[in-house]
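> model the following, please.
(3 chains)
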Amino acid sequence: MKATKLIFIMMPLSIFLAFMWAPPAEILGESSRIIYFHVPLAWGSVLAFVYSGIVSILFLADKKGKYTLLDERAYNSAGIGMVFTILAIISGAIWAKMSWGSYWNWDPRQTSITILMLIYIAYFSLHSALKDNESKGRICCSYLIFAMITVPLFIFIIPRMYPSLHPDPIINPERKLKLNAQMRTVLMISLFSFTLLYFYLLNLMNRISFIDNKYKEKYYEE
Amino acid sequence: MTDTNFEIRADSLSKRFNKTLLFKGLSFSIKTGNSLSLTGPNGSGKSTLMQILAYIQKPTRGSVTFFQNEKKLEENDINRYIGFTSPLLNPYEELTGYENIYFVLRNKKDEAKILPLMEEFLLIKHKDKSLKYYSSGMKQRLKFICAVINDPPILFFDEPGTNLDRKGKDLIYSYIESVKKEKIIVIATNEEEEIRLCREDIKIAQ
Amino acid sequence: MLSEIFRNLRKDFRVEFRNRAAINISIAFAGITTLAISLTAGGVSFSPRVQSIMLWIIMFFSAMNGLAHIFIREEEERTSLFLRLNSSLESVFLSKLLFNFIFFLILQVVICPLYIFFLQVDVKSPLLFLLILVSGGIAISSSTTILGAMVSKAGGKGSLFTVISFPILLPVLWIAITSTTDALEKRASAGFGNTLFFLAFSGVIISISFLLFKYIWVE
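Below is the predicted model:
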């Protein structure tokens, strides 16, 4: 995946644009710039989760062993997802303090990202508890799939449970955006860069897993 | 039973446990009427090989296939055709001997077969005792009954003589002797007597 | 197939009830927490919302001891191989699922009267209350059955089970708590729809578990 090398141009560009080019939002002021990092991070955490889930399905379905190390890939993706999730929660909390006056108030989106984090934590606990078990890959992948199927249910439930303070869904194009064209461009560029960052990191980690696996195979053959 | 022929084919089996390679490239086949002993020093992978043959573990490489009259058997159905004893196999401690056998019994119409078998293996007095109070020799005989009660065409025994006294050994050896013509029998063992029961032998070197 | 499930279920009940530790501990835990809440509250009555939160939290945590136990026991006593060789995958899963249903029901039968008695709960709509309890119980026990199987392979570490089942059970707990509040305050309207949600949820969960079970149970 040579294309992910683009990250070295895109990331500095989006940081530059976020701080220098985009105008501050009307009411929120300069603090609104966090949006260019918070939204892409949240998007990345969901992307990583979905990727892990799909790879897990592939892993269980792949009886002939056409792909290698799919469970490791799911694990790597979840690792990046976990970091993205934590960063999204922190940046979100800072933003919440700036605009709503408190770090945490169980807004639906805060709730859903917390649940995502709980799932990641559960997954990693299970993963570490299964350390030397031969069926570790299968059990962990099953858990991810199982979790992925219950997550959409939250989307129906959470809005009914809590009133929202969040700005209108930003990714949803039907709703009215409070961003002007310039801000929207920066946000899109930033979303793109963070997606790239995700794939770049994933690619790196997968390569490490491959090398590690190859090394082990060689080592044990002898 | 005698007119159906079963065959187990093992094709270049290898098994690796983390760091140690147990065996590599084992290929053989056994047919109904034949018996095979797996021998080798402790830790050489006898039990592992047997578990791979019985589909309990997966080999690292290679495959095991079962055939009934040259027709391949489905992996999910294989449990129905095999009987298995092993030190790793533990019946329910909370149940009585009779209940354990009844649990294993596939066709409940055969319930009448339980008592004669318990009689044969000298467990009839203990049939209503919970397994907690069984001695290890009694448990071994009970496990043996559990393996053979459904009259499966393929039998796997991992060290069938462990914990048994002379009398107990004679009982199970004569049972194996009496059925071995119409079944496939695989024994993992290092006991001379048990090896002599079998027609062929596979030695696993360390 | 059906007879196999019953055979397994009967075995599970025999084994569990001859060695009652797990069930006794769950029930004792439930009783003690209920008493503890009542004692420390010292007669102060809670709002319906708080009452239903506590009711479900008690049920959740007391069930955690028992729901995974049915699989953990097979691994601890090393009987899982015996079970695997002698019964089909499907019958193992379905019998354990049924066992967990019944186990949760028993637990509720113990907890709810105690809870109502000690905390002066006034149930305004008993029918809805009952329906929510039963369907919520089904939803919880059906989602935890496969999680129990996963945990048992990880050496049955007790708190791991709570950690991995909590995010999955959150929607169930949420809805159960809101609907129970409704039942206590007699705002029955949405509550009956939620019973249907629970049954649909259980249906989805059971079918997914059924598909995934073979990857967990067979080594």
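
> up against chain C, what does chain A have?
Proximity of chain A to chain C is confined to A:60, A:115, A:118-119, A:121-123, A:125-126, A:129-130, A:133-135, A:138-139, A:141-143, A:145-147, A:149-150, A:153-154, A:157, A:161 under the rule CB under 8 Å from any CB of the partner chain. To be clear about C-beta, it is placed using only N, CA and C from the backbone, and glycine gets the same treatment.

> so among those, which ones count as buried?
A:60, A:115, A:118-119, A:121-123, A:125-126, A:129-130, A:135, A:138-139, A:141-143, A:145-147, A:149-150, A:153-154, A:157 (16 or more other CB atoms under 10 Å in any protein chain shown).

> what is the least confident helix or strand in chain A?
Across the helices and strands of chain A, mean confidence by mean pLDDT, DSSP states H and E is lowest for helix A:136-161: a mean of 80.

> for residue C:92, see how far away the spatially most central residue of chain B is.
The centroid of chain B falls nearest to residue B:156 when counting by CA atoms, centre = their mean (2.2 Å). Here residue B:156 is placed at a distance of 21 Å from residue C:92 (CB to CB, to the nearest Å).

> likewise for residue A:51?
Taking CB to CB, one finds residue A:51 at 32 Å from residue C:92.

> quick one, which of those two is more surrounded?
Neighbours per residue, other CB atoms under 10 Å in any protein chain shown: of residue A:51 and residue C:92, the larger number sits with residue C:92, 23 against 20.

> look at that one and give its secondary structure.
With DSSP: H, G, I helix; E, B strand; the rest coil as the basis, residue C:92 sits in helix.

> was I right to think it contacts residue C:84?
Yes. Judged on CB atoms under 8 Å, residue C:92 makes contact with residue C:84 at a distance of 7.4 Å.

> quick one: common contacting residues for these two?
Common neighbours of residue C:92 and residue C:84 are listed as residue C:217 (criterion: CB atoms under 8 Å, 6 or more residues apart in numbering or on different chains).

> what about residue B:151, how many neighbours?
Residue B:151 has 15 neighbouring residues, counting by other CB under 10 Å.

> that one belongs to a strand?
No. According to three-state DSSP, the state of residue B:151 is coil, so it is not within a strand.

> if I look at it, how far off is residue B:83?
Residue B:151 sits 8 Å away from residue B:83, going by CB to CB.

> how about residue C:61?
Relative to residue B:83, and taking CB to CB, residue C:61 is found at 43 Å.

> neighbour count: the two, which is higher?
Legend: neighbour count by other CB under 10 Å for residue C:61 and residue B:83, higher for residue B:83 (24 against 14).

> on that earlier part again, moving C-terminal from the least confident helix or strand of chain A, which element do we reach first?
Using DSSP states H and E, the next helix or strand after helix A:136-161 towards the C-terminus is helix A:181-221.

> where does residue A:35 sit: helix, strand or coil?
Per three-state DSSP, the local secondary structure of residue A:35 is helix.

> okay, the nearest residue to it once chain neighbours are set aside: pLDDT?
Excluding its sequence neighbours, the residue lying closest to residue A:35 (CB to CB, 6 or more residues apart in numbering or on different chains) is residue A:187, at 6.7 Å. The per-residue pLDDT reported for residue A:187 equals 87.

> is it correct that residue A:187 is in contact with residue A:33?
No. The criterion here is CB under 8 Å, and residue A:187 misses it with residue A:33 at 10.7 Å.

> could you list the residues of chain B in contact with chain C?
Counting by CB under 8 Å from any CB, chain B comes close to chain C at B:56-58, B:76, B:79, B:82, B:84, B:86, B:88-95, B:99, B:103-104, B:108, B:130, B:146.

> from those residues, which ones fall inside strands?
Among the residues of chain B next to chain C, the residues falling in strands (DSSP state E) are B:82, B:84.

> could you tell me which of the residues of chain B next to chain C belong to helices?
Judged by DSSP state H, the subset of the residues of chain B next to chain C located in helices is B:99, B:103-104, B:146.

> now render those residues as TSV, adding pLDDT and distance to chain A.
Formatted as TSV, these follow (pLDDT from 0 to 100; distance: CB to the nearest CB, whole Å):
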residue	pLDDT	distance to chain A
B:99	88	30
B:103	88	25
B:104	87	25
B:146	89	25
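
> give me the buried subset of the residues you listed.
B:99, B:103-104, B:146.

> return the member of those residues nearest to residue C:207.
Taking CB to CB as the measure, residue C:207 lies nearest residue B:103 of these, at 27.8 Å.

> so residue C:80 makes contact with residue C:72?
No. Using CB under 8 Å, residue C:80 is not in contact with residue C:72; the gap is 10.0 Å.
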